[in-house]
Every structure is written in structure tokens, then in C-alpha cells.
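Asker: only the shape, not the letters, is given here:
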């Protein structure tokens with residue numbers, strides 16, 4: 001036992017080990033930079049910064065620095081600059097530890113005239129709820145690394161609900177895909193005169209309100225309001241409208257009248273228009289289809305997790321679309337006569353105060369649509385007290401430990417998106433860097449520092465060289 005303890009002490013007080021760990025951490029951070037550039041920040045956090053081996057390396061470095069401080073009695077007066085220099089690294093690592101485990105950041109969305117006292121975190125969570133009970137689990141996924149994670153929550157009922165993730169799509173979207181077991185599906189290009197053409201997608205037994213008329217797809221519709229109903233007979237589509245239709249052949253532009261309240265063939269070679277100006281053109285027709293979350297090559301702003309949800313021996317696959325900084329879409333899974341709501345997205349953090357957006361101001365370069373600057377005029381509301389503030393590029397709002405930055409804005413320019421950060425490790429880190437600077441510069445003036453020894457040795461060498469000719 002004594003030999004083992006001596007071996008551990010010798011290792012932890014090894015200067016070579018300290019240097020090796022410093023070089024290793026520098027190389028790991030360099031690799032993380034390349035990973036982030038190629039695969040995104042989540043991949044860098046997964047592969048390096050949040051990994052167990054990187055945390056252990058930092059912890060081991062802190063121990064070796066502390067061991068060297070003890071070995072060389074660095075707290076003595078004549079070694080104080082070196083003591084401060086080494087201590088600063090330990091304090092900086094302590095600050096980073098506090099930041100990682102106790103700090104958080106995210107985005108706050110506020111519309112003009114409205115207030116908000118919560119924000120969405122930059123971290124993602126798997127959330128599950130049922131019968132008024134809920135649970136959430138932090139999860140970090142990236143294009144590289146393992147996508148398999150297991151979670152279990154006891155939400156009553158005598159058995160836990162288990163969630164096992166098995167696939168991750170960095171960019172995902174919901175798309176309609178053919179499926180013989182699914183419902184019939186059509187897509188129609190619709191023009192209503194007042195609006196630009198839009199694509200309307202309907203599964204059988206669904207309808208949409210176009211304002212001037214209802215548009216339904218199915219055999220059971222009997223609308224009282226003005227309507228157009230498309231029905232399916234075997235593989236053929238028919239259309240029936242509340243008023244006469246004009247059918248225009250797309251190739252020949254030949255027009256013909258179709259009587260109201262009567263079934264007529266509905267095909268993709270013609271445009272169908274009503275007297276109120278509604279125009280319909282069939283774009284797609286599937287005998288069976290379902291909506292599925294699929295990976296995409298383009299950046300959609302959403303990611304997806306494919307997971308198996310199990311309860312009392314029954315398992316269902318769910319596709320969870322969302323990811324931070326989105327709240328995520330909720331998917332309902334019925335298992336064992338129980339319904340579970342599951343989502344994948346950002347968490348919600350409450351603030352001890354609220355921000356009200358009075359006005360969002362966007363300025364553009366003269367003669368250009370490109371924004372030159374934008375700012376948010378907000379009111380901090382805290383227990384009845386109000387304080388007006390402005391947030392823009394070089395003006396950060398700091399209040400009760402929270403920092404608010406201008407991040408972006410809504411497309412209609414009537415809402416703002418603020419970046420929110422709460423970092424309790426900031427001052428610890430600042431203290432570490434301050435001590436690092438003090439220790440570094442003090443070493444230059446300490447008479448027993450290595451730097452002074454090298455200078456003295458150089459002076460002796462110069463003196464010897466002057467004496468050589470004599």
C-alpha cells in the first residue's frame with residue numbers, strides 16, 4: 001500500500017506529467033475546433049468538451065499542479081509569483097467547472113407589447129409526461145458519436161416508461177411518403193386572387209378554410225358553407241363545387257363549363273376555377289401515404305430523434321422533431337391503455353423578473369434592404385418596479401446575474417429574439433486570469449525566478465567572453 005501511495009504521489013508531482021497534460025489539452029481543443037467547423041458545436045461538445053475523458057484530463061491536470069505546489073513549497077515568500085501563477089490555472093478550471101454544471105444560456109422570444117419571464121435553453125431535453133406527471137432528461141446528440149441513450153421515468157401506473165434513442169438526424173423535416181397502409185393524399189396548387197399561389201396538402205377526410213370557400217378531400221363531407229369537395233372513387237378523383245366550375249385544359253387552353261353540385265373528373269391536366277376566383281390545379285395524388293420525419297440535406301433549423309418508447313411490455317417507435325432552441329413538437333404514444341406525450345427540444349427556464357418589449361427598431365443601409373443595426377427597447381418588470389433599457393449590438397443588459405444580448409428578430413419586424421446567459425463561474429474565471437497575469441509579470445521581477453536566473457547566467461557568460469582576450 002505504501003509503495004502504491006508513493007507511486008501515485010510521484011506521478012502527481014511530476015512536472016513532466018503537467019507539461020504533457022497541458023500539451024494534450026491544447027491538442028484536444030485544436031481538434032475540437034476542426035470538429036466544430038465540420039460538424040457543428042454540438043459535435044465538438046460531444047466529442048471533446050463534454051466528454052468524460054476531457055473532464056478527467058482537466059481534473060488530473062489540477063491535481064498535478066496542486067502536487068507540484070506542495071512538492072516545491074511554492075507558498076513560501078520567495079516563490080510567491082510561481083505560487084500565484086500555478087494557482088491561477090486551478091482557479092480558471094474551477095470557473096469552467098462552475099460554468100458547465102451551474103450556468104446556462106438560451107434564447108428569449110418577445111413580441112411588441114408583450115412580456116416574457118422565461119427563455120428556451122441551448123441544451124436539448126427528452127421530455128415525457130402522462131396523467132399530470134412529467135420528467136425530462138438532458139441529451140446531447142451530434143452527427144458523430146453514439147446516438148443510443150436510455151432513459152427511464154416512473155410516472156405512476158406501477159411500471160416505468162422507458163425511452164431508447166436509436167437514430168439522430170441533424171437536419172430533418174416532416175414529409176409525406178407513400179405507404180400502402182396509409183390514407184389517400186392529394187396536393188393542390190390553390191389561387192384565391194387576393195393571395196399568391198399556395199400548395200395545399202390534404203389527407204382523406206381533411207379540409208381547409210380558404211376564406212371564400214372550404215376545400216375538402218373525402219366522400220363524407222356535406223358542408224353548409226360554400227365549398228369544393230374532392231372525392232376518391234377507386235383510383236380516380238372527382239370534384240364537386242357549390243357553383244359552376246370552369247375547366248381549362250393546361251395544354252390547349254380549351255375551356256368548358258362544369259355544373260354545380262355534380263361530380264366531375266378531377267385530373268392534373270386542367271385548371272379548375274370558380275366564379276369567386278378560386279383556382280385549383282392538382283399537383284400530386286397518392287392512394288396511400290403517411291407523414292414521416294425524414295433526414296434532409298438542407299439546413300431546416302430542426303433536428304430529429306428516432307426512439308423506441310416502452311411501457312408494460314409494449315413498444316412503439318416515435319419520431320421527435322425539434323431540438324434546441326425549439327420547444328419541439330409533442331408526439332402522443334398510447335401504450336398499455338395510457339397516453340404519453342413525448343418531445344425533443346429546449347428546456348424552459350424561469351426568470352425572477354420579466355422583460356416587456358415596447359418597441360423593436362430595425363435600421364437599414366440607405367438604398368438597401370440589408371439591416372445596418374437593430375435594437376430592442378424593453379422594460380424590466382420586477383415586483384411592481386419598472387426600468388427602461390435598450391439592447392443593441394454593443395449594449396448588453398445585465399440584471400440579477402442575467403445578461404441579455406440582441407440576437408435576431410422576427411420576420412415581420414414586430415418581435416425580438418434575445419440571447420440570454422447566466423454564468424455563475426464568470427467572476428471565478430476572471431479572478432483566475434487576473435492572478436495569471438499578476439503571477440506572469442511578477443515572475444520577471446522575482447530575484448529567485450527562473451527568468452532572473454537565466455538573465456544572471458547570460459550576464460556571467462558575457463563577462464567571461466570579455467575576459468577571454470586577456
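Answerer: Ah, there it is. In this text the structure is predicted, and so the values were computed from the model without any measurement. Numbers count the residues shown, from 1 in each chain.
Asker: in the lengthiest strand in the chain, what's buried?
Answerer: With residue count as the measure and DSSP state E as the assignment, the chain has strand 338-364 as its longest strand. Residues of strand 338-364 classed as buried under the neighbour-count rule (16 or more other CB atoms under 10 Å) are 338, 340, 342-347, 349, 351, 354-357, 360. C-beta: built from backbone N, CA, C; applies to glycine.
Asker: what strands flank that strand, and is each parallel or antiparallel?
Answerer: Sheet pairing here is set by DSSP bridges, and for strand 338-364 it gives strand 115-130 (antiparallel), strand 331-335 (antiparallel), strand 371-382 (antiparallel).
Asker: how far away is the residue at minimal distance from the centre of the chain from residue 40?
Answerer: Within the chain, one residue has its C-alpha closest to the average C-alpha position: by CA atoms, centre = their mean, that is residue 324, at 2.4 Å. Distance check for residue 324 against residue 40: by CB to CB, to the nearest Å, it reads 12 Å.
Asker: same for the helix or strand encompassing residue 462, what does it pack against?
Answerer: Counting by DSSP states H and E, the element that carries residue 462 is helix 450-467. Helices and strands touching helix 450-467, by 3 or more CB pairs under 8 Å, 6 or more residues apart in numbering; DSSP states H and E, are helix 426-445.
Asker: show residues contacting the helix it packs on.
Answerer: 80-96, 98-99, 449-452 (CB atoms under 8 Å, 6 or more residues apart in numbering).
Asker: quick one: which of these sit in strands?
Answerer: The members of these all map outside strands under DSSP E.
Asker: can you say which of those residues are buried?
Answerer: With neighbours counted using 16+ other CB under 10 Å, these contain these buried positions: 81-96, 98-99, 449.
Asker: quick one: the helices in the chain?
Answerer: For the chain, the helices defined by DSSP state H occupy 2-12, 15-39, 41-44, 52-71, 80-102, 426-445, 450-467.
Asker: among those helices, which is the most enclosed?
Answerer: Using mean count of other CB atoms under 10 Å, the stretch among those with the greatest mean number of neighbours is helix 41-44 (a mean of 20).
Asker: and that one, what's its mean pLDDT?
Answerer: When the per-residue pLDDT values of helix 41-44 are averaged, the result is 88.
Asker: same question for stretch 295-307.
Answerer: With pLDDT averaged residue by residue, stretch 295-307 scores 91.
Asker: could you give the bridge partners of residue 355?
Answerer: Residues in beta-bridge contact with residue 355 (DSSP bridges): residue 116, residue 380.
Asker: tell me the pLDDT of it.
Answerer: Listed pLDDT for residue 355 reads 97.
Asker: surely it and residue 109 touch.
Answerer: No - Residue 355 is not in contact with residue 109 according to CB atoms under 8 Å; the separation is 10.8 Å.
Asker: which residues are common contacts for those two?
Answerer: Counting by CB under 8 Å, 6+ apart, the common neighbours of residue 355 and residue 109 are residue 116.
Asker: list the contacts for residue 67?
Answerer: Residues in contact with residue 67, defined by CB under 8 Å, 6+ apart, are 9, 12-14.
Asker: turn the residues you listed into JSON lines, including pLDDT and distance to residue 281.
Answerer: Listed next are the contacts of residue 67 as JSON lines, based on pLDDT from 0 to 100; distance: CB to CB, whole Å:
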{"residue": "9", "pLDDT": "78", "distance to residue 281": "81"}
{"residue": "12", "pLDDT": "80", "distance to residue 281": "76"}
{"residue": "13", "pLDDT": "81", "distance to residue 281": "80"}
{"residue": "14", "pLDDT": "85", "distance to residue 281": "77"}
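Asker: where do the domain boundaries of the protein fall?
Answerer: For the chain, the domain assignment from automatic domain parsing gives the residue ranges 2-102+425-440, 104-118+349-422, 176-290.
Asker: now distance to residue 331 too, for those domains, in CSV please.
Answerer: CSV is the format used below for the domains of the chain (distance: least, CB to CB, whole Å):
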stretch, distance to residue 331
domain 2-102+425-440, 22
domain 104-118+349-422, 23
domain 176-290, 14
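Asker: for those domains, which one sits closest to residue 303?
Answerer: Proximity to residue 303 (CB to CB) singles out domain 2-102+425-440 among those, at 8.7 Å.
Asker: tell me what the closest residue to residue 217 other than its chain neighbours is bridged to.
Answerer: Among residues not flanking residue 217 along the chain, residue 202 sits closest, at 4.1 Å (CB to CB, 6 or more residues apart in numbering). Beta-bridge pairing of residue 202 under DSSP bridges involves residue 186.
Asker: got it, and residue 229?
Answerer: Per DSSP bridges, the residues bridged to residue 229 are residue 216, residue 240.
Asker: gap between it and residue 202?
Answerer: Between residue 229 and residue 202 the distance is 11 Å, computed by CB to CB.
Asker: so what sits against both of these two?
Answerer: A shared contact of residue 229 and residue 202, defined by CB under 8 Å, 6+ apart, is any residue touching both; here these are 215-217.
Asker: with neighbour count, distance to residue 141 and pLDDT added, can I get these in JSON lines?
Answerer: Formatted as JSON lines, the shared contacts of residue 229 and residue 202 follow (neighbours: other CB atoms under 10 Å; distance: CB to CB, whole Å; pLDDT from 0 to 100):
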{"residue": "215", "neighbour count": "22", "distance to residue 141": "39", "pLDDT": "92"}
{"residue": "216", "neighbour count": "23", "distance to residue 141": "40", "pLDDT": "92"}
{"residue": "217", "neighbour count": "25", "distance to residue 141": "37", "pLDDT": "94"}
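Asker: residue 53: which of the residues you listed is nearest?
Answerer: Looking at the shared contacts of residue 229 and residue 202 and their distance to residue 53, the nearest is residue 217, at 55.5 Å (CB to CB).
Asker: how close does that closest one sit to residue 205?
Answerer: According to CB to CB, residue 217 and residue 205 sit 7 Å apart.
Asker: check residue 131 too.
Answerer: For residue 131, the distance to residue 205 equals 30 Å [CB to CB].
Asker: again with residue 166
Answerer: Following CB to CB, the distance that separates residue 166 from residue 205 is 32 Å.
Asker: can you check residue 390 too?
Answerer: To residue 205, residue 390 is 52 Å away according to CB to CB.
Asker: residue 305 too?
Answerer: With the distance defined as CB to CB, residue 305 ends up 30 Å from residue 205.
Asker: looking at these two, which one has more neighbours?
Answerer: Counting neighbours by other CB atoms under 10 Å for residue 305 and for residue 205 shows that residue 305 has the greater number, 29 against 13.
Asker: contacting residues around that one?
Answerer: 126, 139, 141, 147, 165, 167-169, 319-320, 323, 344.
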